[in-house]
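1. Here you go, sequence then predicted model.
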Amino acid sequence: MPPRCSPASAFFLPFLYPTLFRSLTRLSRPRLSTATPTSTPIIESKSRTDASTSGDAIPPSRLNPPPDDYSVSSFADKARITIQAGGGGHGCISFLREAFLANGPANGGDGGHGGNVYIQAVEGENSLHKLSRRRIIRAGRGKTGQGSNRGGARGEDVIIQVPIGTIVREIERIDPMVAENKRYREAREKELAYEKLVREAEAAARASEEADASERDTFRLNIELPDPPEHANAHKFVLYPGMSSNERRNLSLPRLSSRERLYTQPEPSIHLDLSVASPRPILLAAGGLGGLGNPHFVSKDRPRPLFATKGEAAVRMQLELELKLLADVGLVGLPNAGKSTLLRALTRSRARVGSWAFTTLQPNIGTVVLDNHKGRPIVKPRPSGHTSPSHSIIRDATLGSIVVSHQPGQLRIGQAPEPRKRFTIADIPGLIEGAHLDKGLGIEFLRHVERASVLAFVIDLTAGDAVKALKALWTEVGLYAYMREDEEREREANLPESTTQPTGLHIAAKPWFVIATKSDLPGTQENFKTLKRYLDAITDDQEPHPSDVEHAWTEDCVAIPDY
Ligand SMILES: Nc1nc2c(ncn2[C@@H]2O[C@H](COP(=O)(O)OP(=O)(O)OP(=O)(O)O)[C@@H](O)[C@H]2O)c(=O)[nH]1
Ligand SMILES: [Mg+2]
């Protein structure tokens, strides 16, 4: 009998069914570690295995969590969706029927309007993963009108809820009304040409009657007319199914006048940057109008209209959603630098921590609460008149306290903000050299720090020269900033500002500082001192900004040891 499990499939079993092998692995292998020899002894001493085997080892804690004490949430920062607004319901052809009233008046109800598709940025959402799985999002179709003048129900609206920081771009639009209007114009031209022919034929007939018998034949040729073209709006009508062939032949359809719309379809192409919570949903695709019931077409000559109009077809759009998380502080660092540990220390995040590179595979957001949930700030606001690198607060008798922001190239004056009660920190996967060329995992996630107000560079003091590491990180971030600006220019090729050269300043102008991790380990002091000297030199303009971007922010570059 052949073996039930081939050697190849046996090899894959631990990957396919990790839970079966987990307990076995824990017993046989103390800890998976690829840390450098310098960092290994202490990191290993913090591990859970050691804690269980030796008495003096650091016990598991929030910062030294057991392997399964982390939360993995589904995350997607890009989604491509198709939205379809609801079509209108058809109008109804109906007549009142009562005892002793065989041919009552028309009483067909109007069709319901189609539902709209809206988008809204809301607090509490932080991923597009739910949307990325939905291929098409449809609003409800309007219901068909009913007899006894009962209008059809309106189609249900759909509100797409997205996280704050989502950018919406329209890629493609199929608007049946555009095709419809084109078809109408062509059909109308044919109708007008035919009407002209009819007029000419009538004139020829009159002339023929007045002409001699010898000339009559030439006129007769002109009197023969082609078949009349179809009514320009014929396809917009629903006809009564029980119509006799005679009624069908003598049917004359009315001209349809344009109707007032409650919702106007936004012009192409939609581009939204939802960087704040939307107070109300934003319309993306308007539903089609419902058809008109047959009472709308009653006239003296046509007391019993045997037709109603169809509901309008609605617009369909393909959209690209891109999420740039709007954290206040973005952590940028090489793999294994301690970013997630820092996030766990500062917030209640349950980001995964591990002593190997690329532990974090998707961004984590943590919130630092400053007011202890009791309304009283636990971090005191800075004294008035204080000048921060990017803001100065000025006390003014009439204006109260005002803040002046010195962003490069702009001077913004506004009311001083309320003291913050909380702020958010984004931890992204580690960057490696060449991240801007899509090496490692970094490039995909750099867009999340792109919008952070402050960048915190996390540098591992045990992993070699800290200055070199900081320069390498800034180089990647700077090159990424150039790349993004180039991309943006290509996208907005028709806009006048597209002529500006990429400067990289949209990231390099942000305030930044360095957090030096693992400073509890021996032999890191010298590295920290060198880093500090380098940062002081940048602040004093003796050294250029580590990204080499001109006019980048260098006002107060500080390094903070984490211990
Ligand atoms: N001794 C010491 N170890 C630390 C410190 N900070 C982090 N570590 C350890 O460094 C290792 C890596 O920490 P992580 O927080 O996962 O590092 P990361 O930067 O998030 O790594 P990636 O997600 O792979 O980019 C873990 O084993 C931590 O226990 C520190 O201040 N001191
Ligand atoms: Mg991490």
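-> Right, received. Where do you want to start? Ligands and ions are numbered 1, 2, ... in the order given.
2. Report the contact partners of the residue in the stretch 351-500 of the chain positioned nearest to ligand 2.
-> As assessed by C-beta to the ion, ligand 2 sits closest to T360 within the stretch 351-500 of the chain, at 3.0 Å. Backbone N, C-alpha and C define where each C-beta goes, glycine included. For T360, the contacting residues are K339, S340, A351, R352, D427, I428, P429, G430, by C-beta atoms under 8 Å, 6 or more residues apart in numbering.
3. try 10 Å
-> 70, 331, 335-336, 339-340, 343, 351-354, 427-430, 441, 445 (C-beta atoms under 10 Å, 6 or more residues apart in numbering).
4. In PyMOL, select just the buried ones from those.
-> Here is the PyMOL command that selects the buried residues among these (16 or more other C-beta atoms under 10 Å):
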select buried, resi 70+331+335+336+339+340+343+351+352+353+354+427+428+429+430+441+445
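5. So which of the contacts of T360 belong to helices?
-> Taking DSSP state H, the ones among the contacts of T360 that sit in helices are K339, S340, L343, F445.
6. Distance of the first one relative to I515?
-> Counting by C-beta to C-beta, to the nearest Å, the gap between K339 and I515 amounts to 9 Å.
7. Quick check: neighbours shared by the two?
-> Listed as contacting both K339 and I515 by C-beta under 10 Å, 6+ apart are L331, G333, A456, F457, V458.
8. helix or strand for the third one, which one?
-> In the assignment (DSSP states H and E), A456 maps to strand 454-460.
9. and that strand, anywhere near ligand 2?
-> No: Strand 454-460 does not reach ligand 2 (C-beta under 5 Å from the ion); its nearest approach is 9.4 Å.
10. ok now that strand, how far from the chain's centre?
-> Put simply, strand 454-460 sits 27 Å off its chain's centre (C-alpha atoms, centre = their mean, to the nearest Å).
11. Relative to it, what are the paired strands and their orientations?
-> Strand 454-460 has these partner strands in its sheet, going by DSSP bridges: strand 329-333 (parallel), strand 512-517 (parallel).
12. coming back round to it: identify the farthest-apart pair in the ones in helices among the contacts of T360.
-> Farthest pair in those (C-beta to C-beta) is L343 and F445. Separation: 14.0 Å.
13. for R183, what are its contacts?
-> P176, A232, N233, H235.
14. so what's G430 closest to, chain neighbours aside?
-> Nearest residue to G430 in three dimensions, chain neighbours excluded: P335, at 3.0 Å (C-beta to C-beta, 6 or more residues apart in numbering).
15. What are the phi and psi values at that neighbour?
-> When read as degrees, to the nearest 10, the backbone of P335 gives phi -60, psi 150.
16. I figured it hits E433, correct?
-> No: with contact defined as C-beta atoms under 10 Å, P335 does not count as touching E433 (11.2 Å).
17. tell me which residues in stretch 90-109 are buried?
-> In stretch 90-109, counting by 16+ other C-beta under 10 Å, buried: H90, G91, C92, I93, S94, F95, A106, N107, G108, G109.
18. pLDDT value on T499, please?
-> Looking at T499, its pLDDT reads 53.
19. Residue numbers of the stretch 251-400 of the chain in contact with ligand 1?
-> With C-beta under 6 Å from any ligand atom as the criterion, the stretch 251-400 of the chain comes near ligand 1 at residues 333, 335-341, 353-355, 357-360.
20. Kindly export stretch 476-488 (C-alpha atoms) in PDB.
-> Extracted C-alpha coordinates of stretch 476-488, given in PDB (Å, rounded to 0.1, in the frame of the first residue of the first chain):
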ATOM      1  CA  GLU A 476      14.600  55.900   1.500                       C
ATOM      2  CA  VAL A 477      11.900  58.300   2.800                       C
ATOM      3  CA  GLY A 478      13.300  61.100   0.700                       C
ATOM      4  CA  LEU A 479      13.400  59.100  -2.500                       C
ATOM      5  CA  TYR A 480       9.900  57.800  -1.800                       C
ATOM      6  CA  ALA A 481       8.700  61.400  -1.400                       C
ATOM      7  CA  TYR A 482      10.200  62.300  -4.800                       C
ATOM      8  CA  MET A 483       8.600  59.300  -6.300                       C
ATOM      9  CA  ARG A 484       5.100  60.100  -4.900                       C
ATOM     10  CA  GLU A 485       5.400  63.700  -6.100                       C
ATOM     11  CA  ASP A 486       6.300  62.500  -9.600                       C
ATOM     12  CA  GLU A 487       3.300  60.100  -9.600                       C
ATOM     13  CA  GLU A 488       1.000  62.900  -8.500                       C
END
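21. What helix or strand is the residue found closest to E543 once you drop the neighbours it is linked to in the chain located in?
-> The shortest distance from E543 to any non-neighbouring residue, by C-beta to C-beta, 6+ apart, is to A537 (4.1 Å). Applying DSSP H and E as the criterion places A537 in helix 525-539.
22. ok, and what's touching whichever helix or strand comes after that helix?
-> Going down the chain from helix 525-539, the next helix or strand is strand 559-561, by DSSP H and E. Identification of contacts with strand 559-561 by C-beta under 10 Å, 6+ apart yields 456-457, 459, 461, 466, 470, 513-520, 524-525, 528-529, 531-536.
23. List the neighbouring strands of strand 559-561 plus their orientation.
-> By DSSP bridges, strand 559-561 pairs with strand 512-517 (parallel).
24. Next, the angle from the partner strand to helix 525-539.
-> Inter-element angle recorded for strand 512-517 and helix 525-539: 180 degrees (by axes from the mean of the first three to the mean of the last three C-alpha atoms, to 10 degrees).
25. wait, does strand 512-517 contact ligand 1?
-> Yes: counting by C-beta under 6 Å from any ligand atom, ligand 1 is contacted by strand 512-517 at T517.
26. right, quick check: that strand against ligand 2, any contact?
-> No: figure legend: strand 512-517 not in contact with ligand 2 (C-beta under 5 Å from the ion); closest approach 11.4 Å.
27. what distance separates the start and the end of stretch 267-280?
-> 19 Å (C-alpha to C-alpha, to the nearest Å).
28. Pull out the buried positions in that stretch.
-> Buried, per 16+ other C-beta under 10 Å, within stretch 267-280: I270, L272, L274, S278.
29. tell me which of these is nearest to P65?
-> For the buried residues of stretch 267-280, the closest approach to P65 (C-beta to C-beta) belongs to L274, at 34.2 Å.
30. Now the closest one: phi and psi?
-> Dihedral angles for L274 - degrees, to the nearest 10 - are phi -90, psi 70.
31. Contact partners for it?
-> 119-122, 162-168, 282, 321, 323, 326.
32. Tabulate the CA atom coordinates of stretch 153-166 in PDB.
-> Extracted C-alpha coordinates of stretch 153-166, given in PDB (Å, rounded to 0.1, in the frame of the first residue of the first chain):
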ATOM      1  CA  ALA A 153     -41.100  52.400  -3.900                       C
ATOM      2  CA  ARG A 154     -37.800  54.300  -4.200                       C
ATOM      3  CA  GLY A 155     -34.700  52.100  -4.400                       C
ATOM      4  CA  GLU A 156     -32.600  51.900  -1.300                       C
ATOM      5  CA  ASP A 157     -29.500  54.200  -1.000                       C
ATOM      6  CA  VAL A 158     -26.200  52.700  -0.200                       C
ATOM      7  CA  ILE A 159     -23.600  54.500   1.900                       C
ATOM      8  CA  ILE A 160     -20.000  53.300   1.600                       C
ATOM      9  CA  GLN A 161     -18.300  53.900   4.900                       C
ATOM     10  CA  VAL A 162     -14.500  54.400   4.600                       C
ATOM     11  CA  PRO A 163     -11.800  55.300   7.100                       C
ATOM     12  CA  ILE A 164     -10.700  58.900   7.400                       C
ATOM     13  CA  GLY A 165      -7.700  59.400   5.100                       C
ATOM     14  CA  THR A 166      -9.200  57.600   2.100                       C
END
